[in-house]
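Colleague: Here is my input; please provide its structure:
(2 chains)
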Amino acid sequence: MPRPFYITTAIDYANGAPHLGHAYEKVLADVIARYQRLQGRSVHFLTGLDEHGQKVQQTAVKRQIEPQVFVDEIAVTFQEMLRNFQISNDDYIRTTEPRHKAVVQDFLQRLFDQGLIYKGQKTDWYSTRQEQFLTDKDRDENGNWPEIFGEVTQTTEENYYFKLSQFQPWLIEHIQSHPDFINPRFRQKQVLEFLKEPMNDLCISRPKSRLTWGIELPFDHNFVTYVWFDALTNYYSAVATKGLWPADIHVIGKDILSPPHAVYWPCMLKALNIEPPKQLLVHGWWTINAQKASKSTGNASETLSLVQSHGADAFRFYLCRDMVVGQDADFSVKTFGERYKSELSNNLGNLVNRLLNMVGRSYAGIIPSPAADEELEKSLKDLWVITERKVLAAFEESQISHALEALWVFISAMNAYIDTRAPWKLAKSTEAVDRAKLDSCLATVAEGLRLVATVLTPIMPSTCEKLLQNIGADPVRHFAGQLAWSNVCVGRKVSERCILFPPVDPKPEEATA
RNA sequence: GGUAGCGUAGCUCAGAUGGUUAGAGCGCGGGACUCAUAAGCCUGAGGUCGGCAGUUCAAUUCUGCCCGCUACCA
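Modeller: Model (predicted):
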């Protein structure tokens, strides 16, 4: 029995509404999780919410509610997003849960007992008005503190530090000897560059006088732990009792690769004598209509409404199709609409109806047996072998856009194949030879579509299920034995008509954009 | 300022561990067809692969410098 495949996303910070970036990361992880399940592996897929910290506390105070009440509200909106995008996570961790707090405190205590956490002092400038610490880069060009900070005072604060620096040599060696640790590879350089400089130890606490909304240090009740020990530990705390560690993939954005995930997290684990995760899968950022995604303009949240108009699967498809994992991509309603119409409605959806109609007309809806396979059929089958190999390789590398590219080459080839065969002509012929060709043509397209829908299931689960059902095929449970060209659809009854991707009218304000 | 990434057809982007005429989709022009969600197919136009220099028999692909954009760090 192989070890279960454990995949996570970063946990979202509970301060604000879910937006495109949140959704994308879940979709990417979900596609990989579904792929692995179809490959027959047992999968554990975790996502969750990061609920502590200054900003949450501030917002709660502002709204005059308990922080827990506030994050409970936020959690609902994020979980609703997961449902909207058909995310198949097996667990949802919230950092305010007892199971999480217990592990965080255990980690901290163990490191403290080993002498890897120590108390230190640091002198800082503090802005009372903004309630934040300042650094030299906050100064204006004359070296003064800008007006917005109000009175700035110098303070000395005691805090706890984790001896991060002593794990630096190990980390460099680990990254160099595990080329798959950071995917895509080019991100690795960035991390190794960062590691050329000596690291500072990591400040891991805040005094309760400043921050109460956090997990208390087990060895000093006057402090809570701050950010990284709280947030990163979720990956472990969620499966602490399940024996699933190490994680196979942490799906994260490029902004939190270095230092948090590529430096702090592996060093924390090393200090605790726990294996590091196998891989960090680092995706880029979406811009919205060529502009940076912004909470203030709300552009990143508004895009999510396309789930309602076009459906979760179409949205998932677009996200997977248009972003090369690791690079940035631009999201636009226009591009979304074009992809939807062209690739989903016209290429794929219409192809399904071409088949259904012809099978209905010539065979009373029963898929015929391929009676006369010739060169045309053979070359399509050969193309499938290539396509299958490319698609699976792309999934294995988490390069979903490559899988879709290859798949659409095959879909186009099927449309071209139909035109070459011209089954509407064959259907008018009374010659047995033509009838045999017609049999083959429709059987071939049916089988091609079955294969496409099978392998496309991780990306568009509902649509593929519907497609398979409409061509009389069984739902996909596993890829095993399902990806080879076969005649399983022969004799199956197809439905009359199936609109997988109905035309969607653009909203009035978008039509002019 | 340092580091990394990006800069390829009108648009959005793939790709090349250096090697025949650099690819796709969309958009645009032309054509034949009609089974289908006015979809599909064929075909054409369109690029000195950011600029300069170097290494090489050969560079868009490697190296250096420069320019522009982005991110991280200081």
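
Colleague: What is the burial count for A:L376?
Modeller: 16 (other CB atoms under 10 Å). C-beta coordinates here come from the backbone N, C-alpha and C atoms, glycine included.

Colleague: In contact with it, which residues?
Modeller: A:417, A:420-421 (CB atoms under 8 Å, 6 or more residues apart in numbering).

Colleague: Per-residue pLDDT of the residue of the stretch 201-350 of chain A found nearest RNA strand B, please?
Modeller: Proximity of the stretch 201-350 of chain A to RNA strand B (CB to the nearest atom of the strand) peaks at A:G349, 1.9 Å away. Note on A:G349: pLDDT of 96.

Colleague: Is it correct that it is in contact with A:R497?
Modeller: No - using CB atoms under 8 Å as the test, A:G349 is too far from A:R497 to be in contact (11.1 Å).

Colleague: Give me the more crowded residue out of the two.
Modeller: A:G349 (21 against 11).

Colleague: how much space between that one and A:V452?
Modeller: For A:G349, the distance to A:V452 (CB to CB, to the nearest Å) stands at 12 Å.

Colleague: and what of A:E431?
Modeller: Distance, A:E431 to A:V452, by CB to CB: 31 Å.

Colleague: And for A:Y340?
Modeller: In this view, A:Y340 and A:V452 are 17 Å apart by CB to CB.

Colleague: likewise A:L442?
Modeller: 16 Å.

Colleague: Give me the more crowded residue out of these two.
Modeller: A:L442 (29 against 24).

Colleague: Next one: that one, what pLDDT does it get?
Modeller: Reported pLDDT for A:L442: 96.

Colleague: That one contacts A:R361, correct?
Modeller: No - applying CB under 8 Å as the test, A:L442 and A:R361 come out as separate, 10.1 Å apart.

Colleague: Tell me how many other residues crowd A:G481.
Modeller: 8.

Colleague: ok, now which ones touch it?
Modeller: Per CB under 8 Å, 6+ apart, neighbours of A:G481: none.

Colleague: Could I get the phi/psi values of it?
Modeller: According to degrees, to the nearest 10, the main-chain angles of A:G481 amount to phi 80, psi 0.

Colleague: would you say A:I93 is within a helix?
Modeller: No - counting by DSSP: H, G, I helix; E, B strand; the rest coil, A:I93 falls outside a helix, being strand.

Colleague: And for it, the neighbour number?
Modeller: Per other CB under 10 Å, the neighbour tally for A:I93 reads 23.

Colleague: give the contact list for A:Q482.
Modeller: The contact partners of A:Q482, by CB under 8 Å, 6+ apart, come to A:454, A:476.

Colleague: One more pass at 10 Å, please.
Modeller: By CB atoms under 10 Å, 6 or more residues apart in numbering, the contact set of A:Q482 is A:38, A:450-451, A:454-455, A:457, A:473-474, A:476, A:488.

Colleague: Redo those as a markdown table? Include neighbour count, secondary structure and distance to A:N353.
Modeller: Shown next, in a markdown table, are the contacts of A:Q482 (neighbours: other CB atoms under 10 Å; DSSP: H, G, I helix; E, B strand; the rest coil; distance: CB to CB, whole Å):
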| residue | neighbour count | secondary structure | distance to A:N353 |
| --- | --- | --- | --- |
| A:L38 | 22 | helix | 26 |
| A:R450 | 25 | helix | 16 |
| A:L451 | 23 | helix | 18 |
| A:T454 | 21 | helix | 19 |
| A:V455 | 26 | helix | 21 |
| A:T457 | 25 | coil | 20 |
| A:A473 | 24 | coil | 16 |
| A:D474 | 13 | coil | 21 |
| A:V476 | 20 | coil | 21 |
| A:V488 | 16 | coil | 21 |
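
Colleague: ok, of the residues you listed, which one's closest to A:H310?
Modeller: Taking CB to CB as the measure, A:T457 is the one of the contacts of A:Q482 closest to A:H310, at 18.7 Å.

Colleague: So stretch A:354-363, near RNA strand B or not?
Modeller: Yes - against RNA strand B, stretch A:354-363 shows contacts by CB under 7 Å from any atom of the strand at A:354, A:357-358, A:361.

Colleague: Just the buried residues of that stretch, please?
Modeller: The neighbour-count criterion (16 or more other CB atoms under 10 Å) identifies A:354-356, A:358-360, A:362-363 as the buried residues of stretch A:354-363.

Colleague: For that stretch, give me every contacting residue.
Modeller: By CB under 10 Å, 6+ apart, stretch A:354-363 touches A:365-368, A:414-415, A:418-419, A:423-424, A:426-428, A:435, A:438-439, A:441-446, A:448-449, A:470-472, A:489, A:492-498.

Colleague: filter these to the buried ones?
Modeller: For those, buried by 16+ other CB under 10 Å: A:366-368, A:414-415, A:418, A:423, A:426-427, A:435, A:438-439, A:441-446, A:448-449, A:470-472, A:489, A:492, A:494, A:498.

Colleague: Kindly identify which of those also come near RNA strand B.
Modeller: A:415, A:418, A:423.

Colleague: check contacts around the closest residue to the first one other than its chain neighbours.
Modeller: Nearest non-adjacent residue to A:N415, counting by CB to CB, 6 or more residues apart in numbering: A:L351, 5.8 Å away. Applying CB under 10 Å, 6+ apart, one finds that A:L351 lies in contact with A:411-412, A:414-415, A:418, A:445, A:448-449, A:452, A:500.

Colleague: Disregarding flanking residues, what is the spatial nearest neighbour of A:P260?
Modeller: Closest residue to A:P260 apart from its sequence neighbours, by CB to CB, 6+ apart: A:W228 at 6.1 Å.

Colleague: and the one you found, how far is that from A:A453?
Modeller: For A:W228 relative to A:A453 (CB to CB), the value is 43 Å.

Colleague: cool, A:Q190 as well?
Modeller: In this view, A:Q190 and A:A453 are 39 Å apart by CB to CB.

Colleague: Comparing these two, which shows the higher neighbour count?
Modeller: Neighbour count, other CB under 10 Å: between A:Q190 and A:A453, A:A453 has more, with 25 against 15.

Colleague: Let me know whether that one touches A:S462 as I believe.
Modeller: No - counting by CB atoms under 10 Å, A:A453 sits too far from A:S462 to count as a contact (11.3 Å).

Colleague: Quick check: neighbours shared by the two?
Modeller: Any residue near both A:A453 and A:S462 by CB under 10 Å, 6+ apart counts here, and that gives A:L500.

Colleague: Pull out the buried positions in stretch A:258-273.
Modeller: A:258-272.

Colleague: that older thread, what helix or strand is the residue nearest to A:N415 on?
Modeller: Using DSSP states H and E, the element containing A:L351 is helix A:350-363.

Colleague: Repeat that for A:K270.
Modeller: helix A:265-271.

Colleague: gap between that helix and the chain center?
Modeller: Distance of helix A:265-271 from the chain centroid (CA atoms, centre = their mean, to the nearest Å) equals 24 Å.

Colleague: Likewise for stretch A:318-333?
Modeller: Relative to the centre of its chain, stretch A:318-333 is centred 12 Å away, using CA atoms, centre = their mean.
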